[in-house]
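>>> give the three-dimensional model of this entry:
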Amino acid sequence: MILYYILVPLAWLVFHIGFRVRCEGRENLKKIGTKGCIIAPNHISAIDPVFVVITRFWGQRMTVFAKKELFEINPFLSWFFRCAGAVCVRGTKEEVSVIDDTVKKCQEGGTLLLFPEGTREQENKFLPLKSGLFVIAAAANVDVVPCRIYYDTPDGKMKLFCKVRVIFGEPMPAAQFAMEGRRDIKKLRENKQAVLDAWSEL
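Numbering: from 1, shown residues only. Model (predicted):
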């Protein structure tokens, strides 16, 4: 944990040198009405999690849901991601226990960073959202903060020294994500569209 509070300011400095990072809507994080919450950004680049972590900056270490591929970019980033709270939830036998543990942490006041699309966008278009975000939000009974990441480049992809904007939207209340069960298809469909609409407005 001590290492985390050293690494995040260091990453803030390094990434502000390599990119022109701008955060908008950070005040919305203070409007969260539950003990814990889930931050739900769109997904463009493998290093999106870094930009969300350094723009949030303050507070306890988040849990970051990440695919196995994220830990295969290079050893330094893998080490940083783990120090920053990243856990592998796809392609592991421990996935169910990791999710259960994360639900408990959110209920106790923790923050989860989860990319609902599950993988990176193509051609600057949102991908269909996976159900994981909504199942966890319902189980933990926590608010969801929509988050939008922009890379100011001609193709919208991350480039060194480009301008990066991370925008935090108004929290979506926990009650909105309550479901009678994981097969509540109608509610899932409504909530997926609500998150997509929130992204579009940011």
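
>>> how near is residue 38 to residue 5?
Distance of residue 38 to residue 5, computed by Cβ to Cβ, to the nearest Å: 22 Å. The C-beta positions use only the backbone N, C-alpha and C, and glycine is treated the same way.

>>> report pLDDT for residue 91.
Residue 91 carries a pLDDT value of 58.

>>> now do residue 57
pLDDT, read off for residue 57, is 66.

>>> give me the more crowded residue out of residue 38 and residue 5.
Taking other Cβ atoms under 10 Å, residue 38 and residue 5 do not tie; residue 38 has more neighbours (31 against 10).

>>> contact partners for that one?
106, 111-114, 133, 136-137, 140, 142-145 (Cβ atoms under 8 Å, 6 or more residues apart in numbering).

>>> just those: which are in strands?
111, 112, 113, 143, 144, 145 (DSSP state E).

>>> who does the lowest-mean-pLDDT helix or strand in the chain touch, helix- and strand-wise?
Using mean pLDDT, DSSP states H and E, the weakest-scoring helix or strand in the chain turns out to be helix 75-83, at a mean of 77. With contacts taken as 3 or more Cβ pairs under 8 Å, 6 or more residues apart in numbering; DSSP states H and E, helix 75-83 sits against helix 2-18.

>>> so which residues of this structure form strands?
Using DSSP E, strands in the chain cover 20-24, 37-41, 63-66, 86-88, 111-113, 143-152, 163-168.

>>> about what we covered before: if you rank the ones in strands among the contacts of residue 38 by neighbours, which is first?
residue 144 (29 neighbours).

>>> please report how far that residue lies from residue 85.
Taken as Cβ to Cβ, the span from residue 144 to residue 85 is 18 Å.

>>> kindly report the same for residue 31.
Distance of residue 31 to residue 85, given as Cβ to Cβ: 22 Å.

>>> name all residues that make contact with residue 103.
136, 139, 140.

>>> if we can go back for a sec, give me the angle between the least confident helix or strand of the chain and helix 2-18.
Here the directions of helix 75-83 and helix 2-18 differ by 130 degrees (axes from the mean of the first three to the mean of the last three Cα atoms, to 10 degrees).
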